[in-house]
Each structure stands twice: as structure tokens, then as C-alpha cells.
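> quick one, what's the 3D model for this:
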Amino acid sequence: MLRALVTGGFLVLAAIVLWSSFLFGPDTSTGNLLINLGTEMIGIVLTVAVVEWFFERRRQQNHGRQLALDTLHALEQAVWVWQGGPREMDTDEVRGVLNAVGRDDPLPDFTESLFLNLGTRSRRLLNNEPAAVAAVPGFMDSLEHLSRLSSIRDGKSPMPAQKLGDILDEATASLARALSKPTERHLASLIRFRDPSVESQERRHFGGRGAFPAREGAPRRQA
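Okay, the predicted model is just below:
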């Protein structure tokens, strides 16, 4: 807004200078000077405005790409806690893990909270950072998929594991395209360390191997 006001102010000033040149007469030395000054001012203002627009566009692209990377990192973290696999995974491996999600894979409260937070954050980005999101083609699609997770606890029954896996897979594919990362799905049978059991989810999320508080659907572990 400030840039627009400054640009508009200088254009108005240039118009006044040009108008003044006709009051003195364009054939006079003063009028000729004012015409040259007014046209120079318009040229400078337009050049600065165009350059500033390109800089702003680049800034929004960089900001949007960083937001997309942060979103992908949060998604990978949540999927790793839920399903396991290597701690550092490329997008094709994440899609492979999600393709192996079983109908009866457990989703304890602490893991569900990770997905709820991911969905809420995605919805906020869509509402609060529209310019940065739109500057990265494909990022908006992935956020729209993930924003569905903000209602993961709204229903009377938990979201089915395979439906959750499909939402995450679609979002991962969109993010991979937006960030020029691998989009092919890795073979799930080749991914090591996948273990969606509640006990393993607790260990990945909380760390350590000690006892954890008993949770719904999770057996109490002995110290």
C-alpha cells in the first residue's frame, strides 16, 4: 500500500510538472525544461515500480517456498511418528509408506494431534498468506488437502486410517510437484523400519524406551 501511494504521488507530481509546462508554453525555455523534467520523472517512477514489482514477486516466491518446505517437513514428521520408516525420507518414500497404511493401523491421541495441528496450520496459511502461497504453483492444492485434517476430530468416529493416508498422499504429491521433488511412489516393501504399533509411535514421538502413560487403545508398559 505504501509503495502504491509513493508511486501514485510521484506520478501526480509529474503530471503537475507537465501541466505547468503548458502554462509557460511548450516553446519557451521554461516550458521545454518542465516537459523534459516531467517525462523523466514518469520514466523513473515507472522503471522503479516495475523493478520493485519483480523484487516483491521474488520475495513472495522465496517466502512461499520456505512455507512449503516447512509444511513438507511437518508432514514428514507426522507420517514418521505414525508409520515409522527411515527418519529422513524423500517424498517418494513418504508416498510409499502412506501406500502401505492398513485399515486397522492405530491412531492414538498424540499422533492425531500432530495431524490436527498440521491441518489447522495449513488452513491458517491459506487465510493469512495468500500471496506467498499463490506464488508457488501447486502449494495451494497441497494446503487444501491438508486443511481437511483440521476437522479430524469433528466426527463422532475417528477418521479411517486409509482415508487419512489418502489425504496425506495427495498432499505429499502436490508438495513434491511444487518443490520439484520426487513424485513417484516408492515400493512400500522396500522401506525398512515401518511399524505403526502404538508402542512404536510412542517411542518415536516421545523418545526413549521408558514407560509412557497409558492411552486409549494402548497397553500399559512396564518400567
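> host element of Gly64?
In this assignment (DSSP states H and E), Gly64 forms part of helix 29-83.
> and the protein, what are its domains?
2-55, 60-206 (automatic domain parsing).
> please compute how far the last one lies from its chain's middle.
Between the centre of domain 60-206 and the centre of its host chain there is 12 Å, according to Cα atoms, centre = their mean, to the nearest Å.
> end-to-end on it?
36 Å (Cα to Cα, to the nearest Å).
> list the residues that contact Pro26.
By Cβ atoms under 8 Å, 6 or more residues apart in numbering, the residues touching Pro26 are Asn32, Ile35. Backbone N, C-alpha and C define where each C-beta goes, glycine included.
> where's it, which helix or strand?
Using DSSP H and E, no helix or strand contains Pro26.
> measure it to Leu34 for me?
Going from Pro26 to Leu34 by Cβ to Cβ, to the nearest Å gives 9 Å.
> Met140 too?
Taking Cβ to Cβ, one finds Met140 at 49 Å from Leu34.
> of the two, which one has the most company?
Neighbour count, other Cβ atoms under 10 Å: between Met140 and Leu34, Leu34 has more, with 21 against 18.
> report the distance from the lowest-mean-pLDDT helix or strand in the chain to the chain centre.
The helix or strand of the chain with the lowest confidence, counting by mean pLDDT, DSSP states H and E, is helix 2-24 at a mean of 74. Mean-position distance between helix 2-24 and its chain equals 40 Å (Cα atoms, centre = their mean).
> any idea which residue sits dead centre in this structure?
Of all residues in the chain, the one closest to the mean position by Cα atoms, centre = their mean is Ala68, 3.4 Å from it.
> deepest of the domains of the chain, which one?
Of all those, domain 60-206 has the most neighbours on average by mean count of other Cβ atoms under 10 Å, namely a mean of 18.
> got the contact list for the closest residue to Asp92 other than its chain neighbours?
Setting aside the residues directly before and after it, Asp92 is nearest to Pro182 in space (Cβ to Cβ, 6 or more residues apart in numbering), at 4.0 Å. Residues in contact with Pro182 (Cβ under 8 Å, 6+ apart) are Asp90, Thr91, Asp92, Ala176.
> now, which of those sits nearest Arg57?
Distance to Arg57 across the contacts of Pro182 (Cβ to Cβ) is lowest for Ala176, with 23.4 Å.
> surely the closest one is in a strand?
No - Ala176: not assigned to a strand; according to DSSP: H, G, I helix; E, B strand; the rest coil it is helix.
> tell me the pLDDT of it.
What the model reports for Ala176 is a pLDDT of 96.
> report the contact partners of it.
Per Cβ under 8 Å, 6+ apart, neighbours of Ala176: Thr91, Asp92, Arg95, Pro182, Thr183.
> now render those as TSV, adding pLDDT, distance to Ala78 and secondary structure.
Output for the contacts of Ala176, formatted as TSV (pLDDT from 0 to 100; distance: Cβ to Cβ, whole Å; DSSP: H, G, I helix; E, B strand; the rest coil):
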residue	pLDDT	distance to Ala78	secondary structure
Thr91	95	14	helix
Asp92	94	18	helix
Arg95	96	14	helix
Pro182	93	19	coil
Thr183	92	20	coil
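> from those residues, which is closest to Leu190?
Distances from Leu190 to the contacts of Ala176, taken by Cβ to Cβ, are shortest for Asp92, at 10.7 Å.
> who's in contact with stretch 79-99?
72, 75-76, 100-101, 105, 107, 111, 114-115, 165-166, 168-169, 172-173, 175-176, 181-188, 190-196, 200-201, 204-205.
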